[in-house]
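**Student:** heads up, no residue letters with this:
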């Protein structure tokens, strides 16, 4: 999961819009940030580790001139999270000058890497799958140019994108800035990760924007046009004209985790309101909780993603809604922090309790999901320390039992608190007095209610059903084995047992 944005202005510099858009997408990644602009002659680039606010000072922003721009905020899922060299955008200078940013995760990275290095003799500087993707794209452009030198550059780029989609597997929402061509955006044939575009009419012409979530588009004063379709590529040429090409047939299978946790509640993704989906998730949980006939004094969210669910549950149960946990907003989101030790240390600083809301009360905590279990276990301890008699827990997501190979950092199944355990066993591990999980069927229906045209969602982390055929049990075992190796290389002494 990362945040990406691309802008083609009709006049003036694009950098301020790119910067402001990245600030709206900061929740999608805090490891690093990068911006590149193009003035028609030269690219201007700045990348660095940390938050957007830290990487781009006023002086650095002034250097990023040009009416074309790309921006990226990074959450590491492939490569070395500590390396600034893996911050995006990435660049190649042949056969055209191309900068590329990417949200997602490729599933055939190693095969592509071997082919690029051994057959096409391209040198790769990092472990990032984004650099692999960029070099595949550049090579496909070269192949098209070589086979049909009379083809126009826009047609060449579309033909190359089609070849890429037939070669690359996994999840990828991509925006590129190409010298002599323009701004190109495309999305994998399953539309696993989000990508939306918008426009703004000015006296100088139409301005265009692509972004991971429409909240960035609306905040900047652009009109949302639609989501980029699965398997579609959209080009904004040098004159600011838009052309769309369906490169390969697409079937929308979006990641359900976007609606649970990853996206902002004020976003619309694939015509589905994230906020409304979370309310529907709360409604289905409330039905399950009612049947347990518990004595509940108040319903409390685990901020922030759990808030809409908790509101709906409290309403449906006829129980008071209360805010008992106060979040330190200067601590990053613990689930997307690389490294288990860092996550555990951060939890201790992230939340504080309002003791009066817990003293001698039975509280129902509502969280968006329970992944590794560290956060909710610590929160339950905090609630009991504040005087709670009983602490019940409801999870908006089903038990997370599998890997997500498309852009969420779950390297090994043994990290997951639900791995190999029943709900009752999980309840004992986290020390809750009762535990409720959403079912996969209810979760899917909560999202599908917003767009009945979507037949399937990516729910593999819950039920082992992945939208791309290469993700087999053998593939998952291989990914998990590599995840264990990554843990060892990051200085961990012991490895979990399968």
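**Tutor:** Received it, and whenever you're ready, just let me know what you need. What you see is a predicted model, and the numbers here were worked out from it, not measured in a lab.

**Student:** Could you point out the helix or strand that follows the lowest-mean-pLDDT helix or strand in the chain?
**Tutor:** Here the helix or strand of the chain ranked lowest by mean pLDDT, DSSP states H and E is helix 340-350, holding a mean of 58. Using DSSP states H and E, the next helix or strand after helix 340-350 towards the C-terminus is strand 351-353.

**Student:** Tell me the buried residues in that following strand?
**Tutor:** Residues 351, 353 are the ones in strand 351-353 that count as buried (16 or more other CB atoms under 10 Å). (Each C-beta comes from the backbone N, C-alpha and C, glycine too.)

**Student:** can you list the residues that contact that strand?
**Tutor:** The contact list for strand 351-353 (CB atoms under 8 Å, 6 or more residues apart in numbering) reads 302-303, 324-328, 379, 382-383, 385-386.

**Student:** what lines up beside it in the sheet?
**Tutor:** strand 325-327 (antiparallel) (DSSP bridges).

**Student:** Other residues contacting the partner strand?
**Tutor:** With contact meaning CB under 8 Å, 6+ apart, strand 325-327 is reached by 300-304, 350-354, 379, 382.

**Student:** where do the strands sit along the stretch 101-250 of the chain?
**Tutor:** All strands of the stretch 101-250 of the chain, identified by DSSP state E, counting those that start in this stretch, fall at 170-178, 182-187, 196-202, 205-211, 223-227, 232-237, 242-246.

**Student:** Distance to residue 22 added to the contacts of strand 325-327, as a markdown table?
**Tutor:** A markdown table is the format used below for the contacts of strand 325-327 (distance: CB to CB, whole Å):
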| residue | distance to residue 22 |
| --- | --- |
| 300 | 32 |
| 301 | 27 |
| 302 | 26 |
| 303 | 23 |
| 304 | 19 |
| 350 | 23 |
| 351 | 26 |
| 352 | 29 |
| 353 | 33 |
| 354 | 33 |
| 379 | 30 |
| 382 | 33 |
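
**Student:** of those, buried ones?
**Tutor:** Looks like the contacts of strand 325-327 have 300-303, 350-351, 353, 379, 382 buried, using 16+ other CB under 10 Å.

**Student:** Mind picking the lowest-pLDDT entry from the residues you listed?
**Tutor:** Among the buried ones among the contacts of strand 325-327, residue 350 has the lowest pLDDT, at 80.

**Student:** Tell me if I'm right that it and residue 329 touch.
**Tutor:** No. If you go by CB atoms under 8 Å, residue 350 and residue 329 don't touch, sitting 9.5 Å apart.

**Student:** Identify, from the contacts of strand 351-353, the entry nearest to residue 443.
**Tutor:** residue 302 (17.6 Å; CB to CB).

**Student:** And the spatially closest residue to that closest one that is not a sequence neighbour, its phi and psi?
**Tutor:** Computed as CB to CB, 6 or more residues apart in numbering, the closest residue to residue 302 that is not its neighbour in sequence is residue 367, at 4.1 Å. Note on residue 367: backbone dihedrals following degrees, to the nearest 10 are phi -120, psi 150.

**Student:** Quick check: residue 367 touching residue 392?
**Tutor:** No. Counting by CB under 8 Å, residue 367 does not reach residue 392; the two are 11.5 Å apart.

**Student:** Just to check, residue 240 is in contact with residue 201?
**Tutor:** No. Using CB under 8 Å, residue 240 is not in contact with residue 201, being 11.0 Å away.

**Student:** Now do the domain split for this structure, please.
**Tutor:** Domain ranges of the chain: 3-251, 273-472, per automatic domain parsing.

**Student:** closest one to residue 259 among the ones you listed?
**Tutor:** domain 273-472 (4.4 Å).

**Student:** chain center to that closest one, what's the gap?
**Tutor:** Taking CA atoms, centre = their mean, to the nearest Å, one finds the center of domain 273-472 at 18 Å from the center of the full chain.

**Student:** Just the terminal-to-terminal distance for that domain.
**Tutor:** With CA to CA, to the nearest Å as the measure, domain 273-472 spans 31 Å from end to end.

**Student:** Any figure for the gap between the residue lying closest to residue 192 once chain neighbours are set aside and residue 129?
**Tutor:** Excluding the flanking residues, the one nearest residue 192 by CB to CB, 6+ apart is residue 171, at 3.7 Å. According to CB to CB, to the nearest Å, residue 171 stands 10 Å off from residue 129.

**Student:** cool, and residue 379?
**Tutor:** For residue 379, the distance to residue 129 (CB to CB) stands at 34 Å.

**Student:** And for residue 136?
**Tutor:** 10 Å.

**Student:** one step back: and for the residue nearest to residue 192, the neighbour number?
**Tutor:** Around residue 171 there are 29 other residues, counting by other CB atoms under 10 Å.

**Student:** so who does it touch?
**Tutor:** Counting by CB under 8 Å, 6+ apart, residue 171 touches 104-106, 188, 190, 192-193, 255, 406-407.

**Student:** Could you find the closest non-adjacent residue to residue 34?
**Tutor:** In this structure, residue 34 finds its nearest non-sequential neighbour in residue 47, 3.7 Å apart by CB to CB, 6+ apart.

**Student:** who touches that neighbour in this structure?
**Tutor:** Residue 47 neighbours (CB under 8 Å, 6+ apart): 32-35, 55, 84, 87-89.

**Student:** Farthest-apart pair in these, please.
**Tutor:** Maximum pairwise distance among these (CB to CB): 14.2 Å, between 35 and 84.

**Student:** When the two are compared, which one has more neighbours?
**Tutor:** residue 35 (29 against 14).

**Student:** mind showing which ranges of this protein have poor pLDDT?
**Tutor:** Applying pLDDT under 70 to the chain flags residues 76-83, 330-348, 411, 483-498.

**Student:** redo that, cut-off 50
**Tutor:** The chain contains residues with pLDDT under 50 at 79-82, 333, 335-336, 344, 486-498.

**Student:** hang on, the earlier thing: may I see the strands of the stretch 101-250 of the chain organised as a markdown table, with distance to residue 11 added?
**Tutor:** What follows is those, written out as a markdown table (distance: least, CB to CB, whole Å):
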| stretch | distance to residue 11 |
| --- | --- |
| strand 170-178 | 17 |
| strand 182-187 | 15 |
| strand 196-202 | 7 |
| strand 205-211 | 8 |
| strand 223-227 | 18 |
| strand 232-237 | 15 |
| strand 242-246 | 17 |
